[in-house]
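Novice: I'd like to go over a predicted model; first the sequence, then the structure.
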Amino acid sequence: GAVVSQHPSWVICKSGTSVKIECRSLDFQATTMFWYRQFPKQSLMLMATSNEGSKATYEQGVEKDKFLINHASLTLSTLTVTSAHPEDSSFYICSARVRETQYFGPGTRLLVL
Amino acid sequence: GENVEQHPSTLSVQEGDSAVIKCTYSDSASNYFPWYKQELGKRPQLIIDIRSNVGEKKDQRIAVTLNKTAKHFSLHITETQPEDSAVYFCAALKGGSYIPTFGRGTSLIVHP
């Protein structure tokens, strides 16, 4: 089946620093990847749709200058949380689609001190 | 846009019992309905899906039913086991869109 990896799996950083999270499709090419944020005991909140070779499409309320998305190749999308603050602490999950099915990465737990 | 309601938010059963999770959707154009299982701290994984041209689909102990007229679909787990304990998310997608609308999730707890 389709496998999606995500790196790092967890990261602790100081307030004001930037953090980059990578999402890779390992055995398939993904023209579209998705970035979600998940708070404890809550559902998946779509942040943005990442399109290879073009700008990401952000959901309402998501700051594009704070959450920078780059989809430079058919197997890699990156999410950079710029000038992170404690309220950005969360579980970030990416996914890549094969037709209608989404295959999720293992997630990145971000803690901003 | 699409709105997906999922109930219950928490479901506690004894091992061996059946569990049913229900979802309703608002957009009659939705035609694909996946269910994902997310164990604590892990990624959501697709466990079963159904398309709008089918009323029921079964895979071993899990089954999904779809009522297009009423715009609701349900996940049925029989002979539950402790390893079924997880959060289950339903989702709905419409043709031409690859962005699912997720339900809020159901935390299933199976007591040994």
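Specialist: The structure has been received and is ready for your questions. Nothing here was measured: the structure is a model prediction, and the numbers come from that model.
Novice: burial check on B:Ser97, number of neighbours?
Specialist: Neighbourhood size, B:Ser97 [other C-beta atoms under 10 Å in any protein chain shown]: 17. To be clear about C-beta, it is placed using only N, CA and C from the backbone, and glycine gets the same treatment.
Novice: please tell me how far it sits from chain A.
Specialist: B:Ser97 is 9 Å from chain A, where distance means C-beta to the nearest C-beta, to the nearest Å.
Novice: next, count neighbours for residue 89.
Specialist: Went with chain A since none was named. Neighbour tally, A:Ser89, other C-beta under 10 Å: 16.
Novice: hmm, no, I was thinking of chain B.
Specialist: For B:Phe89, the neighbour count with other C-beta under 10 Å is 25.
Novice: and the gap between it and chain A?
Specialist: According to C-beta to the nearest C-beta, B:Phe89 and chain A sit 6 Å apart.
Novice: now that residue, what's its secondary structure?
Specialist: On the three-state scheme (DSSP: H, G, I helix; E, B strand; the rest coil), B:Phe89 is labelled strand.
Novice: please identify the helix or strand for the closest residue to B:Asn67 other than its chain neighbours.
Specialist: Distance criterion C-beta to C-beta, 6 or more residues apart in numbering or on different chains; nearest residue to B:Asn67, sequence neighbours excluded, is B:Phe73 at 7.1 Å. Using DSSP states H and E, B:Phe73 falls within strand B:72-77.
Novice: partners of that strand, with directions?
Specialist: Counting by DSSP bridges, the strands paired with strand B:72-77 are strand B:19-25 (antiparallel), strand B:62-67 (antiparallel).
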